[in-house]
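**Student:** Below is the sequence, then the predicted model.
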Amino acid sequence: MERKARTIGGISEVSRTRAQAPRTADLIYRDLHRDIVSMRLKPNSKLSEKELSEHFGVSRTPLREAIQRLAEDGLVAVFPQAGTFVAPIPVRLLMESILIRRALEVVIAQTATEMAVAQDIRDIDANLAELEGAVNAGDLGEFHRIDSEFHRLIGRISGLGTVSNTIEHVRAQIDRYRLMTLPQAGRLTRVITEHRAVRDAARAGEAMAFHIGQMLDEVEALQHLDRDYFYDDRE
């Protein structure tokens, strides 16, 4: 009988493929994480284990593992006697996340403008054009996606991979907040203006600090925060 092909270390290609395939809990985590951050699942929405198990076609074991990870991220709250809910946005954690992101993105913006080559500038300009297209189309979801891609593009150009990954780790609460503020009058055109300022090598860091810092000023004001979606954990 012909033996199966082996790879280095005696691991078959089949075994390697299985090891690399995303685990069920990981896939559920990604889907729920995306739906919570994109506000498809709004704060205080109840998550039914039964309905989610049926939706994903899985047992409750991988579902509960995914929910536990989301709880560790601060995106869901589990109450043994009441159920599992999408967590409201904690104001203190949101503010700290913005502070971290502002500090790191200033470094990334400064470095990116020093490292950028002609193609990088063209990529930034193309992103700005796409942002304007989303504004003209009135597509807030697409605007949010392209906006996020702008910041990831700056991170890629900077070459500071570890710094960029750290920013990704604190984005979840910020992205939920940002999506709620996009409908504000003049917000979209202001974002484009601020992004265009970051493109200027002479003031990239200062422009990025202002761009991210705007969110911090707004949160501190607390005037527009929907109390159904936020809770003030600063005391």
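**Tutor:** Yep, that arrived.
**Student:** Could you list every helix and strand in contact with whichever helix or strand Gln119 is part of?
**Tutor:** Using DSSP states H and E, Gln119 sits within helix 118-137. Judged by 3 or more Cβ pairs under 8 Å, 6 or more residues apart in numbering; DSSP states H and E, helix 118-137 is in contact with helix 140-158, helix 187-198. All C-beta spots, glycine's among them, are computed from the backbone N, C-alpha and C.
**Student:** closest one to Ile174 among these?
**Tutor:** Ile174 sits nearest to helix 140-158 of all those, at 10.1 Å, using Cβ to Cβ.
**Student:** neighbouring contacts of the closest one?
**Tutor:** Residues outside helix 140-158 that contact it (Cβ atoms under 8 Å, 6 or more residues apart in numbering): 38, 105, 107-109, 111-112, 115-116, 120, 123-124, 127-128, 130-131, 134-135, 161, 163-164, 167, 171, 175, 178-179, 182-183, 188, 191, 195, 198.
**Student:** do that again at 7 Å, thanks
**Tutor:** For helix 140-158, contacts defined as Cβ atoms under 7 Å, 6 or more residues apart in numbering pick out 105, 108-109, 111-112, 115-116, 120, 123-124, 127, 130-131, 134-135, 164, 167, 178-179, 182-183, 188, 191, 195, 198.
**Student:** How about stretch 25-37?
**Tutor:** 41, 56, 58, 62-63, 65-66, 69-70, 75, 86, 172, 175-176.
**Student:** Take it, keep the C-alpha atoms, and write them as CSV.
**Tutor:** C-alpha atoms of stretch 25-37 as CSV (Å, rounded to 0.1, in the frame of the first residue of the first chain):
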residue,chain,number,x,y,z
ALA,A,25,-15.1,29.2,17.7
ASP,A,26,-12.7,31.6,15.9
LEU,A,27,-15.2,32.0,13.0
ILE,A,28,-18.1,32.7,15.3
TYR,A,29,-16.0,35.2,17.3
ARG,A,30,-15.1,37.0,14.1
ASP,A,31,-18.6,37.2,12.8
LEU,A,32,-20.1,38.4,16.2
HIS,A,33,-17.2,40.8,16.7
ARG,A,34,-17.8,42.3,13.3
ASP,A,35,-21.5,42.6,13.9
ILE,A,36,-21.0,44.3,17.3
VAL,A,37,-18.4,46.7,16.1
